[in-house]
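K.L.:
Sequence first, then the predicted structure, then my questions.
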Amino acid sequence: MTDRVGLVVAGGGARGAYEAGAITSLLPRLGRSPTILVGTSAGALNVVGLAAGAHHGIDQAAERVVSLWDSVSLGDVFSVTGSLTRGGLRYLGQLAGLPMRLPSLFDTTRMRETIGALVSFEKVQENIDRGLVEAVAVAATSVATGGTVVFVHKHPAIALPPFDANRNITYVETTLQPEHVLASAAVPALFRPIHIDTPAAWAGWYVDGGVRLNMPLKPAVQMGAGRLGVVATRPRHWPVGLPSQQTTGTGEPDLFNTAAVILRAMLADRMVEDLHRLESRNAEARAHPEAVLYRHIDVEFAGPPLDRANSLAVLADEILRQRFRGLQRLRNPQLSLLAKLFGGESAQPADLLSFLFFDPAFTTPAAALGRADGRLRYHPRPAGHSR
């Protein structure tokens, strides 16, 4: 059995701050520093940030990633007013028959410069050369094929996994750049698709890796991890209860309610399924240790407990109501407009807001919440148990 430790970080937009906090508490539980780092969407930014800071020691690198999230504001990612104005003009142009396209609701052009300024991709290469990191990989979805492409920046000691025909996952060796991280986080419809140029054979348009692979457990295992740290912004198990017990809204869902449900399903459903599948295989490996079909993979999970599954949505809503009301809204018109877009009775709008709340007012307490949840210990339980 390999003694390599892997860290797998799921997607979640601005919720990535929560994950960064959770990582700081999860690392001591892993016993050894993870050298195989795999992420999707916001998780991609987190693992690349860890790889860039690995020469400081993994614990200090994790703290630096938390500080990174503390420094990001909405204007560093996209402009709400500018995006909606340009988007409206493009849409009207399309209706008028002009050759104009509306690629997304928000224009994330600013995010490329932000990522380049916050993360040293040169340090990623240096730390791989020194063996401090053996592989860092980010997942994106190819617009051309609809399949998952995992871009892998690795040490020669790590073998590149073969094509996974069961999950339509292609592994591509490359030197990671900001566009790979941007593509991994390009949530369809919300954020514009990203064109990746390198390597040339895989040049093309890409969107969020979470469309098909939000929790890239298999890539980490395929690259040799025998123990995994898994970080997510959703609970490890499904909630139990009637729909009426899980929502406060009574009106007909609007566009943003529906978008929140789709985003939540995209980012959470596959994660839970993959964890359950891994737990089942671990149980089989324990029951039949003489068999060689599967090897046991230890898993340490960090994420919200089932009884606080919506804690980040609640946090986003509370902060918005307490700190951005009345005249305070005038100090941050971008966030105020974002709040107007996601107003409503049910929890779904606040859920969507928590994905887009790129402001220290949210990301700082979200990271603190992640630190607290990262200290909790989870164990596989039958369906119906919280943890």
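P.N.:
Nice, I can see it.
K.L.:
With adjacent residues omitted, what lies nearest to Ala309?
P.N.:
Pro235 (5.0 Å; CB to CB, 6 or more residues apart in numbering). All C-beta spots, glycine's among them, are computed from the backbone N, C-alpha and C.
K.L.:
Would you mind confirming that that neighbour is in contact with Ser311?
P.N.:
No: Pro235 lies out of contact with Ser311 (CB atoms under 8 Å); the separation is 9.8 Å.
K.L.:
what residues are shared contacts of the two?
P.N.:
Pro304 (CB atoms under 8 Å, 6 or more residues apart in numbering).
K.L.:
Of these two, which one has the most company?
P.N.:
Pro235 (24 against 19; other CB atoms under 10 Å).
K.L.:
which residues of the stretch 101-250 of the chain fall in strands?
P.N.:
135-142, 148-154, 169-173, 194-196, 204-208, 225-231 (DSSP state E, counting those that start in this stretch).
K.L.:
Could I get the average pLDDT for the longest one?
P.N.:
When you say that, I think you mean strand 135-142. The pLDDT scores in strand 135-142 average 97.
K.L.:
Taking strand 169-173 as reference, get the angle to that strand.
P.N.:
Taking axes from the mean of the first three to the mean of the last three CA atoms, to 10 degrees, strand 135-142 and strand 169-173 form an angle of 130 degrees between their directions.
K.L.:
Show me what strand 135-142 pairs with in its sheet, parallel or antiparallel.
P.N.:
Sheet pairing of strand 135-142 (DSSP bridges) gives strand 36-40 (parallel), strand 148-154 (antiparallel), strand 204-208 (antiparallel).
K.L.:
Now mean neighbour count too, for the ones you listed, in TSV please.
P.N.:
Output for those, formatted as TSV (neighbours: other CB atoms under 10 Å):
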stretch	mean neighbour count
strand 36-40	32
strand 148-154	25
strand 204-208	22
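K.L.:
got CSV for these, with mean pLDDT and distance to Arg112 too?
P.N.:
Formatted as CSV, the strands paired with strand 135-142 follow (pLDDT from 0 to 100; distance: least, CB to CB, whole Å):
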stretch, mean pLDDT, distance to Arg112
strand 36-40, 97, 18
strand 148-154, 98, 16
strand 204-208, 95, 14
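K.L.:
Including distance to Gln322, could these go into a markdown table?
P.N.:
Output for these, formatted as a markdown table (distance: least, CB to CB, whole Å):
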| stretch | distance to Gln322 |
| --- | --- |
| strand 36-40 | 31 |
| strand 148-154 | 40 |
| strand 204-208 | 31 |
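K.L.:
of all those, which lies closest to Leu228?
P.N.:
With CB to CB as the criterion, Leu228 lies closest to strand 36-40 of those, at 8.9 Å.
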